[in-house]
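Colleague: have a look at this prediction, sequence included:
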Amino acid sequence: METPEQNIVTNLPRLETAVHVDAEQAEAPLGATVFDAQSVSIWYSAFKAVTNVSLTIHEREITAFIGPSGCGKTTVLRTLNRMNDLIPGARVEGDVHYRGESLYAASVSPIAVRRRIGMVFQKPNPFPKSIYDNVAYGPRINGERNKAKLDEIVENSLRGAALWDEVKDRLNKSGLGLSGGQAQRLCIARTLAVEPDVVLMDEPCSALDPIATGAIEDLMHEIKSRYTIVIVTHNMQQATRVSDRTAFYSVLRDEKSDTRTGVLVEYGRTEQIFNDPRDERTKAYVTGRMG
Amino acid sequence: MAVTTEPGNIDLREPKGWRRTKNRTATALMVLSFVLVIIPLGFVLFTVIAKGASAITWSFLTSSIPPNVAPADEGGIGPAVVGTIEITALATVMAVPLGVLGAVYLNEYGGRNWLSALIGFMSDVMTGVPSIIMGLFIFSIWVLHFGYSGLAGALALGCLMLPIVIRSTYEMLRLVPNSLREGSYALGATKSRVTMTVVLPAAIGGIVSGALLAVARAAGETAPLLFTILTVTTVNRNVFSGPNTSLPSLIFVNASSPYVGAQARGWGAALTLIAIAFILMVVARLITARFARYAQ
């Protein structure tokens, strides 16, 4: 083990094995496996953004991805619903299984994947449409035309996102007129409206004030009973507040070629990652000595 | 130590010296440029209204074109008004959908492939082609085989409008933030859905005003019509066959005529043309505002 004085990012004993502490924790029952990633590396053209990530994500749990900037958390997250397909030059090596199906098999349609695996982005991105049309957008592209049914979906989704009471009198007003926190909850409602299996959240609170952040975190706790959630966050307190399981990523620098790549360092239950980290780098990060 | 200043000694006035001189010089130059730009514009408008307004009556706008020797209060410009509307409308129907679809291909589908690079480059080159060349082009490939018609004029105007529509639409689509596309993709939308339901609605205001600018530009073109529609003195309601006429062609013919009556009708036609362009601009503004009601 390296000492804390050494540069933790550059001195890595091994590439291939992140610490996984699940097996030792028999007292915490695992839900069904939703994602199973094995030896995943992700490239943006010639740049290897993430190297050799393996982890499993379980049903009805909140899994947090933490780590310093540039460590590939968001890249891994976007791999889980094939959003990286939209970036020219991005490609994935290794296996990502979603409920037993290989996500990157040739026969898999990214459209079908994204209908089951929704995503909330870092910056709230409501469409320039009315609040109602924002929420009804997903059901409509899935073919729902029945007005009464749509009304019901919109109300339930907005209630689910704890936004109904604030917007019920102005459903036909622009979604762009909402405050940052409301806009982000609108985006969450929009995601819930298609009844996804998994909700991926990419730093959903980074543009929000503490009160709006609190509202979103409460919301995550509420919807956790129905959805599997994966959240990327820069905020370690947030990870401890909301998540059941935490994956710590870090940056690995190759001295010879001066290239950087993201690696998964340690993955386990959130209490264990923050109270009893097994890897020195995790310890340095969660105690605030790095990143 | 922090700088401490006695209350009452703080000077918050604009700094004197060179910086203030620069600021005032630049402001004065900007005001001067604005005035210089306004002068020719105001003069053109004033002259056309002064010389054309007296001619405008309902019967002037609808009557047939009399011989050039006829006095000013006889006949009108009806066939030219009808011809301009017919030909410009037909050109718009051909060029705007094609141009918008082309721009959608360039920005949404083509990406950086060689075909979209080629189309983008050729359309930029087309923007610089003089309008009389467009007229000659249509003359040689269409008029020589099928004869003069409003359709031939519309083809020439359409060729002029196409690159303008492509360029303005392309710029508007580029302004649509990628986060909107991603938000739509993340809900399981296909590329065509994303384009139809998010990208185009977000850009529609700019697309419509760009298209109407192209329409206004085409409505005022003379050169491409000289070789393609000829001139007539009675209304030709069939835009697809037979010679036709237009306001710019009429102005061109009448302005070079020695007869006072013909010249007066020319001024009236000029004012009518400006009014049509003005109405199109107002409509563009209204449509833009209507579509932009959710964009803040």
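Modeller: Perfect, I can see it now.
Colleague: so how far is stretch B:253-260 from its chain's centroid?
Modeller: Between the centre of stretch B:253-260 and the centre of its chain there are 27 Å (C-alpha atoms, centre = their mean, to the nearest Å).
Colleague: list the buried residues for that stretch?
Modeller: Neighbour-count burial for stretch B:253-260, with 16 or more other C-beta atoms under 10 Å in any protein chain shown as criterion, is recorded at B:Val253, B:Asn254. Where you see a C-beta, it was placed from the backbone N, CA and C, and this is true even at glycine.
Colleague: start to end distance for that stretch?
Modeller: For stretch B:253-260, the separation between the terminal residues is 13 Å (C-alpha to C-alpha, to the nearest Å).
Colleague: contacts for it?
Modeller: B:Asn68, B:Val69, B:Ala70, B:Pro71, B:Ala72, B:Thr231, B:Ala262, B:Gln263, B:Arg265, B:Gly266, B:Ala269 (C-beta atoms under 8 Å, 6 or more residues apart in numbering or on different chains).
Colleague: quick check, pLDDT for the third one.
Modeller: This means B:Ala70. Residue-level confidence at B:Ala70 comes out at 86, pLDDT.
Colleague: contact residues of chain A facing chain B?
Modeller: In this structure, chain A approaches chain B at residues A:81, A:83, A:86, A:88, A:111-112, A:114-116, A:118-119, A:121, A:123, A:125-130, A:137-138, A:141-142, A:174-177, A:187, A:190-191, A:194, judged by C-beta under 8 Å from any C-beta of the partner chain.
Colleague: show me those that map onto strands.
Modeller: A:Gly118, A:Met119 (DSSP state E).
Colleague: count of neighbours near the residue in chain A positioned nearest to chain B?
Modeller: Closest approach of chain A to chain B (C-beta to the nearest C-beta) occurs at A:Arg115, with a separation of 3.2 Å. Under the neighbour criterion other C-beta atoms under 10 Å in any protein chain shown, A:Arg115 is assigned a count of 21.
Colleague: pLDDT value on it, please?
Modeller: 92.
Colleague: try B:Gly128
Modeller: Predicted confidence (pLDDT) for B:Gly128: 89.
Colleague: check which element follows the helix or strand containing A:Phe65 along the chain.
Modeller: Under the criterion DSSP states H and E, the helix or strand holding A:Phe65 is strand A:62-66. For strand A:62-66, the following helix or strand on the C-terminal side (DSSP H and E) is helix A:73-79.
Colleague: circling back to that earlier point, can you tell me how far the residue of chain A closest to chain B is from A:Ser107?
Modeller: Using C-beta to C-beta, to the nearest Å, A:Arg115 is found at 16 Å from A:Ser107.
Colleague: for B:Gly147, same thing?
Modeller: Separation of B:Gly147 from A:Ser107 (C-beta to C-beta): 57 Å.
Colleague: okay, the two: which has more neighbours?
Modeller: B:Gly147 (13 against 6).
Colleague: and for the nearest residue to the more buried one once chain neighbours are set aside, the neighbour number?
Modeller: If the residues on either side of it in the chain are set aside, B:Gly147 comes closest to B:Ser241, at 7.5 Å by C-beta to C-beta, 6 or more residues apart in numbering or on different chains. Around B:Ser241 there are 14 other residues, counting by other C-beta under 10 Å.
Colleague: who's in contact with B:Ser241?
Modeller: The contact partners of B:Ser241, by C-beta under 8 Å, 6+ apart, come to B:Gly147, B:Ser149, B:Leu151.
Colleague: which regions of chain A sit below the pLDDT cut-off?
Modeller: A:1-18, A:21-30, A:290-291 (pLDDT under 70).
Colleague: hang on, I meant chain B
Modeller: The low-confidence ranges in chain B, as defined by pLDDT under 70, are B:1-7, B:293-296.
Colleague: near chain A, which residues of the stretch 101-250 of chain B?
Modeller: Residues of the stretch 101-250 of chain B lying close to chain A (C-beta under 8 Å from any C-beta) are B:111-112, B:177, B:179-190, B:193, B:197-198, B:201-202.
Colleague: any of those residues buried? List them.
Modeller: With neighbours counted using 16+ other C-beta under 10 Å, those contain these buried positions: B:180-189, B:193, B:197-198, B:201-202.
Colleague: how far away is the residue of chain A closest to chain B from B:Leu101?
Modeller: Counting by C-beta to C-beta, the separation of A:Arg115 from B:Leu101 is 27 Å.
Colleague: wait, the residue of chain A closest to chain B touches B:Leu187, no?
Modeller: Yes: counting by C-beta atoms under 8 Å, B:Leu187 is a contact partner of A:Arg115 at 7.4 Å.
Colleague: give me the common contacts of those two.
Modeller: Here A:Arg115 and B:Leu187 share the contacting residues A:Val194, scored by C-beta under 8 Å, 6+ apart.
Colleague: who touches the residue in chain B positioned nearest to chain A in this structure?
Modeller: Of chain B, the residue with the smallest distance to chain A, taken as C-beta to the nearest C-beta, is B:Gly188 at 3.2 Å. Listed by C-beta under 8 Å, 6+ apart, the contact partners of B:Gly188 are A:Ile111, A:Ala112, A:Arg114, A:Arg115, A:Arg116, A:Gly138, A:Ile141, A:Asn142, A:Val194.
Colleague: all helices of the stretch 101-250 of chain A, in order?
Modeller: If DSSP state H, counting those that start in this stretch is used as the criterion, the helices of the stretch 101-250 of chain A fall at A:110-116, A:131-141, A:147-160, A:164-167, A:180-192, A:210-223, A:236-242.
Colleague: what of the stretch 101-250 of chain B?
Modeller: For the stretch 101-250 of chain B, helices defined by DSSP H, counting those that start in this stretch occupy the ranges B:114-127, B:131-138, B:144-146, B:150-175, B:178-185, B:191-193, B:200-219, B:223-226, B:247-255.
Colleague: in a markdown table: those helices, plus distance to A:Ser41.
Modeller: What follows is those, written out as a markdown table (distance: least, C-beta to C-beta, whole Å):
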| stretch | distance to A:Ser41 |
| --- | --- |
| helix B:114-127 | 30 |
| helix B:131-138 | 54 |
| helix B:144-146 | 62 |
| helix B:150-175 | 32 |
| helix B:178-185 | 23 |
| helix B:191-193 | 27 |
| helix B:200-219 | 35 |
| helix B:223-226 | 58 |
| helix B:247-255 | 64 |
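Colleague: out of those helices, which gets nearest to A:Ser257?
Modeller: Taking C-beta to C-beta as the measure, those were each checked against A:Ser257, and helix B:178-185 came out nearest at 30.9 Å.
Colleague: so A:Ala37 sits in a strand?
Modeller: Yes: secondary structure of A:Ala37, determined by DSSP: H, G, I helix; E, B strand; the rest coil: located in a strand.
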